[in-house]
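S.K.: here's my sequence, what's the structure:
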Amino acid sequence: MQNDARIVAVLATGGTIAGTAAQASDNIGYTAAQLGVQALVEAVPALREVPLITEQVAQIDSKDMEFSIWAALAARVAHHLADDGVAGIVITHGTDTLEETAYLLQRLLAPAKPVVLAAAMRPATALLRDGPQNLLDAVTLAREPGARGVMAVLAGTVHSAWDVRKVHSYRLDAFGSGEAGPVARFEEGWVRRLRGWPAGEAIGLAVLNQPWPWVEIVTSHAAARGDLVRAMVAAGVKGIVLAGTGNGSVHHTLEAALIEAQQAGVAVLRSTRCLDGPVQEKPGDMLPSAGTLTPVQARIELMLQLMRA
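M.R.: Numbering: from 1, shown residues only. Next up is the predicted model:
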């Protein structure tokens with residue numbers, strides 16, 4: 001833990017880290033988003049030595065994340081980034097949509113300070129709760145000299161917003177960074193950096209003045225049909241992300257429907273349902289590649305592209 005007096009802003013949004021269960025042994029039958037930000041901070045004695053600003057931006061189970069909360073969160077993050085007295089920002093968040101929020105904030109803000117998402121796989125009432133340690137690690141990272149960009153810290157591992165994804169439904173180390181690997185690891189309270197901090201060019205918050213477009217994800221699989229795509233087009237969908245097989249390949253009937261949608265003015269991006277690897281483009285491809293983006297990242301990217309158009 002850094003000993004300087006620089007402030008960390010802790011913005012709470014709910015999630016399992018703020019969840020409670022009737023029994024300490026219950027790790028799945030809990031209710032998310034029950035404890036406020038002050039209770040989360042007070043559960044970590046080491047944070048008494050750190051100057052903090054705390055805010056309750058939202059109080060939800062992250063499976064229920066909404067555009068309005070994303071916009072409010074991005075605005076509060078930008079507010080604190082502009083404060084020279086703030087070293088970094090910590091966001092307590094649920095695990096289910098953490099990777100989506102992380103990617104969105106990195107694309108919008110590309111911060112020159114650390115913005116760290118902290119979460120938990122066990123509720124605050126669990127015998128083996130992971131939230132307090134993850135929160136302490138996040139605050140430590142938020143004060144790490146030279147750190148920048150949007151990251152997530154869970155189970156002692158630091159993931160970049162560009163690469164983080166939830167890879168397990170239950171275990172404590174439920175997140176990975178794919179082929180890129182983690183940015184850093186925590187070792188006895190110290191940050192051991194393994195590669196560069198997340199970087200990039202900020203889109204800016206002005207794009208959020210535009211309506212969020214309707215973009216959906218469809219998956220290619222055996223015996224796929226194009227009916228769902230045609231129904232969405234008829235209903236007014238603005239963009240579709242394909243989670244294809246292998247190198248973004250797609251069942252021929254679903255591909256035909258996606259090409260029809262594209263010709264009708266619907267934006268389409270082609271990603272892969274594989275856990276690792278990009279979609280490599282080849283001559284003759286009719287549907288554009290999302291590159292290394294996961295399907296949920298590609299959905300956010302496509303929404304932002306449509307909002308900037």
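S.K.: where exactly do the strands run in the stretch 101-250 of the chain?
M.R.: In the stretch 101-250 of the chain, the strands defined using DSSP state E, counting those that start in this stretch lie at 114-118, 149-154, 157-160, 165-166, 175-176, 184-187, 190-193, 215-219, 239-244.
S.K.: select, out of the ones you listed, the one closest to A290.
M.R.: strand 239-244 (7.0 Å; C-beta to C-beta). No exception for glycine: its C-beta is placed from N, CA and C like everyone else's.
S.K.: which residues does the spatially closest residue to D61 that is not a sequence neighbour contact?
M.R.: Closest residue in space to D61, ignoring its immediate chain neighbours: A32 at 3.9 Å, by C-beta to C-beta, 6 or more residues apart in numbering. For A32, the contact set (C-beta atoms under 8 Å, 6 or more residues apart in numbering) comprises 14-16, 18-19, 60-62, 94, 123.
S.K.: next: V8.
M.R.: By C-beta under 8 Å, 6+ apart, the contact set of V8 is 50-53, 86-90, 139, 142-143.
S.K.: ok, now L81?
M.R.: Contacts of L81 (C-beta under 8 Å, 6+ apart): 89, 109, 111-113, 115.
S.K.: how about V296?
M.R.: Contacts of V296 by C-beta under 8 Å, 6+ apart are 99-100, 103, 217.
S.K.: so which of those residues are in helices?
M.R.: 99-100, 103 (DSSP state H).
S.K.: take the strands of the stretch 101-250 of the chain and write them to a markdown table, including mean neighbour count, mean pLDDT and distance to P132.
M.R.: Listed next are these as a markdown table, based on neighbours: other C-beta atoms under 10 Å; pLDDT from 0 to 100; distance: least, C-beta to C-beta, whole Å:
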| stretch | mean neighbour count | mean pLDDT | distance to P132 |
| --- | --- | --- | --- |
| strand 114-118 | 29 | 98 | 10 |
| strand 149-154 | 29 | 98 | 12 |
| strand 157-160 | 25 | 98 | 16 |
| strand 165-166 | 20 | 98 | 20 |
| strand 175-176 | 22 | 98 | 18 |
| strand 184-187 | 17 | 98 | 14 |
| strand 190-193 | 14 | 98 | 18 |
| strand 215-219 | 19 | 98 | 34 |
| strand 239-244 | 25 | 98 | 35 |
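S.K.: same list (these) but as CSV, adding distance to A206.
M.R.: Below are those laid out as CSV (distance: least, C-beta to C-beta, whole Å):
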stretch, distance to A206
strand 114-118, 19
strand 149-154, 19
strand 157-160, 25
strand 165-166, 28
strand 175-176, 31
strand 184-187, 32
strand 190-193, 33
strand 215-219, 20
strand 239-244, 20
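S.K.: for L208, find the nearest of the ones you listed.
M.R.: Of all these, it is strand 215-219 that lies closest to L208, at 15.2 Å by C-beta to C-beta.
S.K.: quick revisit: most widely separated two among the contacts of L81?
M.R.: Using C-beta to C-beta, these span at most 11.8 Å, a distance reached by I89 and A112.
S.K.: who has more neighbours, these two?
M.R.: Set I89 next to A112 and count neighbours by other C-beta atoms under 10 Å: I89 wins out with 30 against 12.
S.K.: what bridges to that one?
M.R.: A9, V115 (DSSP bridges).
S.K.: nearest to P283, of the contacts of L81?
M.R.: Using C-beta to C-beta, L109 is the member of these that sits closest to P283, with 36.8 Å.
S.K.: which residues touch the closest one?
M.R.: Taking C-beta under 8 Å, 6+ apart as the criterion, L109 is in contact with 74, 77-78, 81, 115, 150, 202, 205.
S.K.: and those residues as JSON lines, adding distance to Q23?
M.R.: Formatted as JSON lines, the contacts of L109 follow (distance: C-beta to C-beta, whole Å):
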{"residue": "A74", "distance to Q23": "37"}
{"residue": "V77", "distance to Q23": "36"}
{"residue": "A78", "distance to Q23": "41"}
{"residue": "L81", "distance to Q23": "41"}
{"residue": "V115", "distance to Q23": "35"}
{"residue": "V150", "distance to Q23": "35"}
{"residue": "A202", "distance to Q23": "45"}
{"residue": "L205", "distance to Q23": "43"}
